[in-house]
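A.B. asks: Have a look; sequence and predicted model below, questions after that.
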Amino acid sequence: MSHRKTLAGALLGAACIVLAGCGEDPQKKAASAPPPAAAPSGSEKYAATMEEGIKFATPGLPDFVSEVSGISIKEPWGRWTTGPVATIRFAKPLPSEFDLEVRGAAYGPNVGQPVDIVVDGVTQKVTFKSALGQPMETHRVRFKPKGAADRVEIRIPKPTAPPKESGDVRQLGVALASLKILPPK
């Protein structure tokens with residue numbers, strides 16, 4: 001009888017080794033895998049106007065955006081900024097005067113900290129007082145670029161990685177839900 005128990009134990013141990021991950025829940029393991037650090041290059045495009053804006057929870061980018069950097073993959077609510085600067089480059093120059101409307105929340109030490117939004121050397125500050133999971137905030141700031149500006153930079157005060165056990169190594173800053181270029185009020 002003890003021989004059978006030993007044989008059964010050995011077979012069970014071998015099965016665990018073969019299946020790689022004895023005792024681990026495969027869904028939990030996959031869910032904890034870190035997401036890619038960057039957004040797709042923008043090959044997926046959808047039709048939209050600058051006034052309709054960028055809907056960060058939508059796959060791809062609107063056709064008026066030519067390139068993004070410092071913005072991560074799509075999540076159900078939008079996308080995170082990653083690193084100290086997120087840049088959105090537009091296919092055509094921005095209007096000579098416009099309001100930029102951004103909807104989002106902040107991560108960790110960025111909650112309550114001023115975030116710089118820069119267009120053509122002009123800086124406006126917005127402060128997200130809520131974190132993701134709380135109601136998102138909408139901020140509207142005016143820009144009057146000096147020249148033919150074609151990009152918006154979002155400068156994050158304290159990019160921060162989530163706890164190590166999450167497996168997410170991104171340096172998060174602002175949770176972006178939408179960004180619109182609107183006529184001045």
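C.D. replies: Done, it's in.
A.B. asks: where does residue 82 sit relative to residue 95, distance-wise?
C.D. replies: According to Cβ to Cβ, to the nearest Å, residue 82 stands 28 Å off from residue 95. (Each C-beta comes from the backbone N, C-alpha and C, glycine too.)
A.B. asks: Residue 126 now?
C.D. replies: As judged by Cβ to Cβ, residue 126 and residue 95 stand 19 Å apart.
A.B. asks: neighbour-wise, which of these two wins?
C.D. replies: Under the criterion of other Cβ atoms under 10 Å, the comparison of residue 126 against residue 95 puts residue 126 first, with 19 against 16.
A.B. asks: Can you show me the strands along this structure?
C.D. replies: Assigned by DSSP state E, the chain shows strands spanning 45-46, 54-55, 61-62, 65-69, 79-82, 85-90, 98-106, 114-119, 122-127, 137-143, 151-155, 172-182.
A.B. asks: Out of those, which one sits most buried?
C.D. replies: Each of the strands of the chain was scored by mean neighbour count; the highest is strand 79-82, a mean of 25, by mean count of other Cβ atoms under 10 Å.
A.B. asks: Counting by contacts, list what that strand packs against.
C.D. replies: Using 3 or more Cβ pairs under 8 Å, 6 or more residues apart in numbering; DSSP states H and E, the elements in contact with strand 79-82 are strand 172-182.
A.B. asks: Rounded mean pLDDT for the strand it packs on, please.
C.D. replies: Across strand 172-182, the average pLDDT comes to 98.
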